[in-house]
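# next comes the sequence, and after it the predicted model I'd like to discuss.
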Amino acid sequence: MTQPITQLPRTRVITGMAAEQELRTMGLTPSKLTQPCIEGLQSAVNSYSHFEPAIAFGISIWSKIVGALREQLNNENWKHHDIANAPRSVSPDGTMTIAAVGGDPHTANTDINPRNARTKGPRFTNEVENNAATSSAPRYTQCRLNLGPGDENTVFADLQTWVLLYFWDRVSNELRLELSLPIDCSKGFVTQWETRIILPTQDLSEYTDLTFSDEMRTYAATQDVDFEITAIS
C-alpha cells in the first residue's frame, strides 16, 4: 500500500510595503535586519588576511553577521541564545527565533526559491520540522530553552524559526537578503519555504572597504560554514 503524497503549500513571497508591514507585526523593520548584516560583512572584510585558510573568510562573515544581528536585536529586547550550540535570537514574546544563514545566488529572487549555501545539521532540520508542524492547525508544541535566569529548565511553547538569508554578490557589490520561514529540507538544504519576506537590496558601492579586492581569493568561501559541536562523555 502506497502512502499518499502531501502537496506542499505554495510559497508566499512578500515584497515592498507589504514586507515592511509584515515585519512590523514581528516588531522589526528592514533596517534592523539589513544594517547589522552590512556591519558584520564590513567587519569580516576589514579583518581579512589572504594568509588565512580559504574557509576562514566564510566563517568570519557568518560570525560577524550573527554577532551584529544579535546585538541589534538585543537592543530591541530580543534574547540571544545558543540553543543546542546554534546561535539564535528569540523574540520578546518567545514565539519566534531568527537564525542568520548564508544563502545561494537566488537569495531575494522573487521568481526562484533559494537554498542555504551550506548544508545544515540535525538541529536545523529539527527546527524546520517544527516549523512545518506549526504552519497548520492544530498547533504543535516544541521544547525550547527557558529564557529566564539560569536556563536550567525547559518550557513548552510554540516557537517558529525564521531564517535571515543573506548573499553577498561580489561582482555586483551588493548584499541581498530575505527573512523566510523554512518548512521542508533534504540533506541539510531547505527545499520549501512557507513565507519569504524580501528585504531591500543593499548597494555596497559606498562602502569602500567592501569593494572587490584581488587579494581576496575568488575561491574563498563567502557564505557561512556549518559545524556541529558534540559533547564527548
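Good, I have the coordinates.
# would you map the strands across this protein?
12-14, 79-83, 86-90, 96-102, 142-145, 154-157, 160-169, 174-186, 189-198, 202-203 (DSSP state E).
# pull the number of nearby residues for A19.
19 (other C-beta atoms under 10 Å). All C-beta spots, glycine's among them, are computed from the backbone N, C-alpha and C.
# right, and it touches R196 too?
No - the pair A19 / R196 is not scored as a contact, 9.3 Å apart, by C-beta atoms under 8 Å.
# the strands of the chain: lowest mean pLDDT?
Least confidently modelled of the strands of the chain is strand 154-157, at a mean of 37 by mean pLDDT.
# hang on, isn't P36 packed against I65?
Yes - between P36 and I65 there is a contact at 6.8 Å, judged by C-beta under 8 Å.
# between the two, point out the one with more neighbours.
Per other C-beta under 10 Å, whichever of P36 and I65 has more neighbours is I65, with 26 against 22.
# go ahead and confirm the more buried one touches Y166.
Yes - using C-beta under 8 Å, I65 is in contact with Y166, at 6.6 Å.
# between the two, which contacts overlap?
Common neighbours of I65 and Y166, counting by C-beta atoms under 8 Å, 6 or more residues apart in numbering, are 37, 100.
# what count of nearby residues applies to D93?
Quick note: D93 (other C-beta under 10 Å) scores 10 neighbours.
# what about the helices in this structure?
16-25, 30-46, 54-74, 122-134 (DSSP state H).
# in CSV, list these along with distance to V90.
Output for the helices of the chain, formatted as CSV (distance: least, C-beta to C-beta, whole Å):
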stretch, distance to V90
helix 16-25, 17
helix 30-46, 15
helix 54-74, 9
helix 122-134, 12
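# mind putting those helices into JSON lines with distance to S91 and mean pLDDT?
Shown next, in JSON lines, are the helices of the chain (distance: least, C-beta to C-beta, whole Å; pLDDT from 0 to 100):
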{"stretch": "helix 16-25", "distance to S91": "11", "mean pLDDT": "97"}
{"stretch": "helix 30-46", "distance to S91": "12", "mean pLDDT": "95"}
{"stretch": "helix 54-74", "distance to S91": "9", "mean pLDDT": "94"}
{"stretch": "helix 122-134", "distance to S91": "14", "mean pLDDT": "90"}
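# how much space separates the nearest residue to D169 once chain neighbours are set aside from V90?
In this structure, D169 finds its nearest non-sequential neighbour in R176, 6.4 Å apart by C-beta to C-beta, 6 or more residues apart in numbering. Note on R176: its distance to V90, by C-beta to C-beta, to the nearest Å, is 25 Å.
# kindly report the same for P105.
Taking C-beta to C-beta, one finds P105 at 30 Å from V90.
# and for N75?
Distance, N75 to V90, by C-beta to C-beta: 14 Å.
# and these two? which has more neighbours close in?
V90 (21 against 9).
# bridging residues for that one?
Applying DSSP bridges to V90 yields these beta-bridge partners: K79, T97.
# pretty sure it sits against N74.
No - V90 is beyond contact range of N74, at 10.5 Å (criterion: C-beta under 8 Å).
# overlap in contacts of these two?
H80.
# pull stretch 159-173 out as CSV, backbone CA atoms only.
Extracted in CSV, the C-alpha atoms of stretch 159-173 (Å, rounded to 0.1, in the frame of the first residue of the first chain):
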residue,chain,number,x,y,z
LEU,A,159,8.4,28.7,18.5
GLN,A,160,9.0,29.3,14.8
THR,A,161,12.5,29.5,13.4
TRP,A,162,12.9,32.2,10.7
VAL,A,163,16.0,32.4,8.6
LEU,A,164,17.7,35.6,7.7
LEU,A,165,19.2,34.5,4.4
TYR,A,166,22.0,36.7,3.0
PHE,A,167,24.1,36.6,-0.1
TRP,A,168,27.0,38.9,-1.0
ASP,A,169,27.2,39.3,-4.7
ARG,A,170,30.8,40.3,-5.1
VAL,A,171,30.5,41.1,-8.8
SER,A,172,27.6,43.4,-8.4
ASN,A,173,28.9,44.5,-5.0
